[in-house]
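Undergrad: Fold the following.
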Amino acid sequence: MNNFGNKVIYQIYPKSYKDSNGDGIGDFPGIIEKLPYLANLGIDYIWLNACFVSPQNDNGYDVADYYEIDPTYGTMEDFEHLVHDAKKYHIEIMLDMVFNHTSTQHEWFQKALAGDETYKNYYIWRKGKPSGKPPTNWVSKFGGNTWEYVERYDEYYLHLYDVSQADLNWDNPDVRNEMAKIVDFWMHKGVTGFRFDVVNLISKPETLEDDFEGDGRRFYTDGPHVHEYLRGLNNASFGKIDSLTVGEMSSTSLENCVKYAGENRQELSSVFNFHHLKVDYKHKEKWSLKDFDFQELKDLFITWQEGMQDYDAWNALFWCNHDQPRVVSRFGNDRSYPKESAKMLATALHMMRGIPYIYQGEEIGMTNAYFTDISEYRDVESLNYYDILKKSGKKESEVMHILQERSRDNGRTPMQWDASANAGFSEATPWLQVIKNYKEINVEAALANLDSVFYHYQKLIALRKEYKVIQQGRFVPLAKEHPELFVYKRIF
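TA: Numbers count the residues shown, from 1 in each chain. Sure thing, here's the model as predicted:
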């Protein structure tokens, strides 16, 4: 039986957690400084967002070197100190592995551009159509076509994300071996957890065709060899130790997730799925707003809880992350009932079956940023869609409202430590500005108030560790059709 039901993971976006050297950007020494705080909360793992060498076109998810720490966050020695010191507090480190694509600045891609066929085969290339158009009409996750032309080869390379993020060719066994070597390297540094970014997109179909119904994702999501490739990675690397792994599953299905994270499947410990975070997407489009559908939210939780437990498969339980708005602003009321909303949402999530994740600041009730000018945004996706939405004919005020609700920067604002300048995050101007409410919502204030959101999270973690029924019990829904209540029980 899965032995991670008593674990709670705390996600840190290093750039925004704590700046130790006054450059306005968070770093590893800053995280080390806050380990006593995290130990007090009671968490077991720190998941660090992508922190390898990167041009930072997508905040680190465009990796240029998987074996080096980006100097923005410190040195390799700093990282080793973090792993070592965290273990003193019985906290393990989970690293974010971006294995679907690399930066175009990566040595492999640069060699491919220079004419090295070996490294060209590390990526996915196709000839354009006779008409001169790209190989398919697929739409990038960040807008625009997914193909970029390279004159040297008279071919296009695939990039499901930004043009600077070239998709890797996992059908090439050399690529699969490289990925296992990377995981091994970090295991030897003492890392025992791995989160795999959009990992269900790594296996592309042999024949790539136009999508006249959608944006192309139905052709490359949960691809033909993805389970085989994940089992191979497991057996060659993290499966050799007592590791905790989670796969970020983009637009996935329950049918696939019971395989990714099922007992004895030898793939992953658990999965992230995002269906429950699309219940406020009008027509399922991220940049179209509507009030969230409470019944749909309930139905999705029930379907996934029951479906995964039927196969001894494990969900990651989460409301927030670096790609999502703050849940207290999204599904709660952050103006009239901020504390009550935060506690209610925490309880609903943490008592379910799975592995709970807390995103930095969630434990003190941090809210959306509510930026009012496009100059305040840094996220590449938000900036792209600002232009796209404006060109579609929307007014400036409407576009800004959509960004306030949807931008990934809502989750990336600096951690609010106290009421001093820059919320105690940095002595310098932060890379992304602090939310204006930091003087009321901050760690120092939360720790001073026994009725705060922080102590509620601390209690929820303690209950999970104490009661086997929360760790391993079955989920049984009640009052399924009630229009205002989400009710369930946990039983053996």
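
Undergrad: Give the next helix or strand downstream of the helix or strand bottoming out on mean pLDDT in the chain.
TA: In the chain, the helix or strand scored least confidently by mean pLDDT, DSSP states H and E is helix 380-391, which has a mean of 93. As assigned by DSSP states H and E, the chain's next helix or strand after helix 380-391 is helix 396-406.

Undergrad: What is the next helix or strand after that following helix packed up against?
TA: Note on helix 396-406: by DSSP H and E, the next helix or strand toward the C-terminus is helix 443-447. Helices and strands touching helix 443-447, by 3 or more CB pairs under 8 Å, 6 or more residues apart in numbering; DSSP states H and E, are helix 453-466. In this view, the C-beta of every residue, glycine as well, is placed from N, C-alpha and C.

Undergrad: And the helix it packs on, what's buried?
TA: Of the residues in helix 453-466, Val453, Phe454, Tyr455, His456, Tyr457, Gln458, Leu460, Ile461, Arg464 count as buried by neighbour count, 16 or more other CB atoms under 10 Å.

Undergrad: Not counting residues beside it along the chain, what's closest to the fourth one?
TA: So that's His456. In space, His456 comes closest to Lys343 once its chain neighbours are excluded; the distance is 4.6 Å by CB to CB, 6 or more residues apart in numbering.

Undergrad: Residues contacting the helix or strand hosting that neighbour from elsewhere in the structure, which ones?
TA: Here Lys343 sits within helix 338-350, counting by DSSP H and E. Residues outside helix 338-350 that contact it (CB atoms under 8 Å, 6 or more residues apart in numbering) are 8, 317-319, 327-328, 331-334, 356, 362, 365, 367, 441, 451-453, 456-457, 460-461, 463-464, 486.

Undergrad: Now that helix: average pLDDT?
TA: Computed over helix 338-350, the mean pLDDT rounds to 98.

Undergrad: Just the CA atoms of it, as CSV, please.
TA: Extracted in CSV, the C-alpha atoms of helix 338-350 (Å, rounded to 0.1, in the frame of the first residue of the first chain):
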residue,chain,number,x,y,z
PRO,A,338,-10.8,36.0,4.2
LYS,A,339,-10.0,33.9,7.2
GLU,A,340,-13.2,31.9,7.2
SER,A,341,-12.8,31.2,3.5
ALA,A,342,-9.2,30.1,3.8
LYS,A,343,-9.9,27.7,6.7
MET,A,344,-13.0,26.2,5.0
LEU,A,345,-11.1,25.6,1.8
ALA,A,346,-8.2,24.1,3.6
THR,A,347,-10.4,21.7,5.6
ALA,A,348,-12.3,20.6,2.5
LEU,A,349,-9.1,19.7,0.8
HIS,A,350,-6.9,18.3,3.5
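
Undergrad: Show me what secondary structure element comes after that helix.
TA: strand 355-359.

Undergrad: partners of that following strand in the sheet?
TA: If you go by DSSP bridges, strand 355-359 pairs up with strand 9-12 (parallel), strand 316-317 (parallel).

Undergrad: what angle separates it from helix 453-466?
TA: Going by axes from the mean of the first three to the mean of the last three CA atoms, to 10 degrees, strand 355-359 is angled at 160 degrees with respect to helix 453-466.

Undergrad: Give me the pLDDT for the closest residue in space to His275 that isn't next to it in sequence.
TA: Counting by CB to CB, 6+ apart, the nearest residue to His275 once its immediate chain neighbours are dropped is Leu300, at 5.1 Å. Looking at Leu300, its pLDDT is 97.

Undergrad: ditto for Phe4
TA: pLDDT, read off for Phe4, is 86.

Undergrad: rewinding a little: what's the spacing between the residue nearest to His456 and Asn21?
TA: 35 Å (CB to CB, to the nearest Å).

Undergrad: ok, those two, which is more surrounded?
TA: Applying other CB atoms under 10 Å to Lys343 and Asn21 shows that Lys343 carries more neighbours, namely 22 against 13.

Undergrad: rewinding a little: pull out the buried residues from the least confident helix or strand of the chain.
TA: Using 16+ other CB under 10 Å as the test for burial, helix 380-391 gives Val380, Glu381, Ser382, Leu383, Tyr385, Tyr386, Leu389.

Undergrad: what do you get for stretch 192-210?
TA: 192-204, 208.

Undergrad: likewise stretch 388-404?
TA: Leu389, Lys394, Val399, Met400, Ile402, Leu403, Gln404.

Undergrad: Among those residues, which one lies nearest to Phe28?
TA: Closest approach between those and Phe28, by CB to CB: Leu403, at 30.5 Å.

Undergrad: I'd guessed the closest one sits against Ile388; true?
TA: No: with contact defined as CB atoms under 8 Å, Leu403 does not count as touching Ile388 (11.6 Å).

Undergrad: How about residues contacting stretch 180-191?
TA: So stretch 180-191 is in contact with 66-67, 79-80, 83-84, 87, 92-95, 97, 194, 232-233, 236-238, 240-241, 243, going by CB under 8 Å, 6+ apart.
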